[in-house]
Every structure is written in C-alpha cells, then in structure tokens.
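>>> this one's sequence-less:
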C-alpha cells in the first residue's frame, strides 16, 4: 500500500520518499502498522504547475482502477514560503496560520470538486512551513560544524523561522560564509535528509507532525 505524493520541485522529489518511508517504517517496527507503507512521488514544475494541475492529476490517480487498490491517499505538498512570493494568498492573509489554513482549504476544495464523493477523503493537501529545510533545522547536529556554530537561536522552533529569511534562504546565506561554497538544495538536501531522524523532525515541527499524523490515520482507516 502506498501514498501518492505530489511535489513542486526536484529537492522534494529526491529526498521525501525515503524520509517519509523511514517514519512509517518506525511505526511498523513499533507494531502500530500491519505492513510497510511506501510512497510514489510525482514532481511538478514549481508551485504554479502543481496548483494548476493538482486536481487533474489527483483524479487520474484515484480513478485508475489498476492502481486504485493500492493507493491509500493522494497527498500534495507545497512550501508555504515559495507560494507566498507570487501573490497566491489573498492580501488579508498575513500570518502563517492564516495562509496555511486558507491555502489548504482552497486547494482541497478545488481538487474535491473534480473527484467522486467517495474519493473526497482520499486527497489531502499540506504545506511545509516555511520550506522542507525547516525539518532539517530540527537537528543542527546533521550539519557541518561551521554551520552548526552559525545557526541562530531561533531555529529551536524551526517552523517559526520567518518569511523574511526562511530555512532554505538561511542555509544559502550561511554556506558561502562558513563553508566557502554554495548550498546545493538537491545534493546537500539528499545528504542531510539521510542523516535526519524523522521522529525528531516530527517532535520539533508541529505542522510536519500534523501531516504525518493525518497520513497515519489514513493508513489505519485503510486497514493497515
């Protein structure tokens, strides 16, 4: 059984399958699931592409009878920061929670209008607050020593790193200063996510934990 994960870019495509499967493997090892859960990821060309085509893709995935029996749910994921840059949110939605809840509701309603009523609960949208790099900041020890020393105290609550310098931008600023090279979102991301314990990110990042809890409940509802 598997989740279909719809993502906006190359980094998410490269790192999230293994990272999320490790969390579910932990739940299986703890006896909380009857079998391993797997993920299949589909990459879109940025957040605009995902927002425009998520309904069509979700409908195709859920109505494909050959694959349908193994699909627990279709999950879409966007960075909260990236979609903020180009006016996705209404002007009166300014806080993290306001943008998160509005965006989640907007995309879920858009998709569910295209689905059979029986499939409505099999699609859920989430945001990474503010970027998936926030999850990396939940464990400073995975970074090179020079980066660890330079990380600001505010990363104690990674999802509260703000819109002005979200986690990915913070790393892009620190790596040239402390490592004398650029931060590579894909190559460095793959290396760092392999080191990161997803159960730690779950504890440090409430919105990420909410996403995992929801997926766990969907898996249990599917008889797993």
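Perfect, I can see it now. Owing to the predicted nature of the structure, the values given are computational and were not obtained by experimental measurement.
>>> buried sites along the helix ranked longest in the chain?
What stands out as the longest helix in the chain, according to DSSP state H, is helix 10-29. Applying a neighbour-count criterion of 16 or more other CB atoms under 10 Å, one finds 11-17, 19-21, 23-24, 27-28 buried in helix 10-29. (C-beta placed from N, C-alpha, C; glycine too.)
>>> just those now: which is nearest residue 55?
Of all the buried residues of helix 10-29, residue 12 has the smallest distance to residue 55: 19.3 Å, by CB to CB.
>>> Tally up the residues packed near the nearest residue to that closest one once chain neighbours are set aside, please.
Spatially, and ignoring its direct neighbours in sequence, residue 12 is nearest to residue 132 (6.3 Å; CB to CB, 6 or more residues apart in numbering). Neighbourhood size, residue 132 [other CB atoms under 10 Å]: 25.
>>> Just the pLDDT for residue 132.
If you check residue 132, the pLDDT there is 95.
>>> Would you mind giving the secondary structure of residue 130?
coil (DSSP: H, G, I helix; E, B strand; the rest coil).
>>> Could you check how far stretch 169-188 is from the centre of its chain?
A distance of 21 Å separates the centroid of the chain from that of stretch 169-188, by CA atoms, centre = their mean, to the nearest Å.
>>> where are the low-confidence patches of the chain?
65-68, 82-86 (pLDDT under 70).
>>> mind listing the strands for it?
Per DSSP state E, the chain has strands spanning 2-7, 38-43, 71-79, 123-128. These are given in chain order.
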